[in-house]
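> Turn this into a structure:
(one chain, ligands or ions: 1)
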Amino acid sequence: MSDVPPSSIPRHVAIIMDGNGRWAKRRHLPRAAGHKAGVEAVRKTVRAAKELGLEALTLYAFSSENWKRPEDEISDLMGLMKRFILSDLDKFAAEDVRLHIIGDYTAFKPDIVALIDDALARTAGNKATTLSVALNYGSQDELTRVTRGIARDVAAGSIVPDAITADTIAARLDTAGLPPLDLLIRTSGEQRLSNFLLWQCAYAEMYFTDLLWPDFDGGTLKAALDWFAMRDRRYGGR
Ligand code: FPP
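All right, here's what the predicted structure looks like:
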């Protein structure tokens with residue numbers, strides 16, 4: 001599928017999936033229809049990520065700020081998430097896709113938490129691609145949790161402040177163990193991070209497209225990878 005040389009393929013791509021509501025509005029459909037179409041785009045993108053050889057794909061599905069949305073929209077999103085896991089888990093298990101969650105998903109209803117725990121356990125040994133789904137995730141919340149953990153360890157005497165390095169922090173992030181983030185994509189024309197992967201974006205390339213999320217697919221992911229392959233990444237050097 002890919003003619004991008006392997007060396008310039010990003011190892012880890014993250015996507016802010018934005019524009020479901022606008023997609024629905026343009027079609028005079030309810031917002032729920034936009035989210036439903038968004039799930040189809042998720043399926044196409046996960047398939048393409050695996051075919052293109054990405055080691056990790058991280059999707060911003062529900063932020064810690066999304067609780068502010070109307071109750072019926074939250075319940076639509078939860079229902080979609082549930083159906084997505086129920087219908088696609090066997091495929092992930094068979095296709096060597098490992099599911100991972102970033103964010104505190106234990107805040108969700110017990111039936112969803114149980115479904116997620118089962119999906120994590122069933123795919124834990126898979127190796128081809130890690131699909132991380134951000135659920136009740138916010139980067140400031142993640143960094144606050146990490147800071148509290150380090151402060152506790154300092155108070156307990158198991159770590160001295162001068163021994164704290166960037167690696168100490170990275171190892172405690174929800175993304176610990178994943179490859180460094182190479183490419184961040186945001187759809188719908190917005191150009192902000194919205195509290196997503198603030199630490200992890202340090203050296204990520206940023207790709208913005210006007211496409212609304214439900215219109216995203218393997219072809220658009222490939223276009224982002226082609227763009228990425230042209231970038232000259234210097235990591236602060238010259
Ligand atoms: C942004 O569109 C999208 C979301 C807040 C949710 C993303 C969720 C999905 C694609 C479906 C569930 C995901 C999985 C992994 C099964 P918006 O509603 O903010 O759009 P707008 O800015 O146009 O209103």
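
> Need the contact partners of the least confident helix or strand in the chain by mean pLDDT.
Using mean pLDDT, DSSP states H and E, helix 71-94 stands out as the lowest-scoring helix or strand of the chain, at a mean of 93. The contact list for helix 71-94 (Cβ atoms under 8 Å, 6 or more residues apart in numbering) reads 31-32, 35-36, 38-39, 42-43, 61-62, 66-67, 69, 97-99, 108-109, 111-112, 115-116, 118-119, 122-123, 126, 131, 135. C-betas here are computed from N, CA, C, even on glycine.

> Of those, which are in range of the ligand?
Among these, the residues that sit close to the ligand (Cβ under 6 Å from any ligand atom) are His35, Gly38, Val39, Val42, Ala61, Asn66.

> Buried ones among those residues?
By neighbour count, with 16 or more other Cβ atoms under 10 Å, these hold His35, Gly38, Val39, Val42, Ala61, Asn66 as buried.

> Keep only those of those residues that are in strands.
With DSSP state E as the criterion, strands contain Ala61 from among these.

> In CSV: the buried ones among the ones next to the ligand among the contacts of helix 71-94, plus pLDDT.
As requested, those are arranged in CSV below (pLDDT from 0 to 100):
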residue, pLDDT
His35, 97
Gly38, 98
Val39, 97
Val42, 97
Ala61, 97
Asn66, 94
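
> in this protein, which spans are helices?
Here the chain has its helices, by DSSP state H, at 20-26, 31-52, 71-94, 110-123, 139-156, 166-170, 218-229.

> which parts of the longest one are buried?
Judged by neighbour count (16+ other Cβ under 10 Å), helix 71-94 contains these buried residues: Asp76, Leu77, Met78, Leu80, Met81, Lys82, Phe84, Ile85, Asp88, Leu89, Phe92, Ala93.

> what's the first-to-last distance across stretch 158-166?
This stretch, stretch 158-166, spans 17 Å end to end (Cα to Cα, to the nearest Å).

> ok now that stretch, how far from the chain's centre?
Here the centre of stretch 158-166 is set off from its chain's centre by 29 Å, with Cα atoms, centre = their mean, to the nearest Å.
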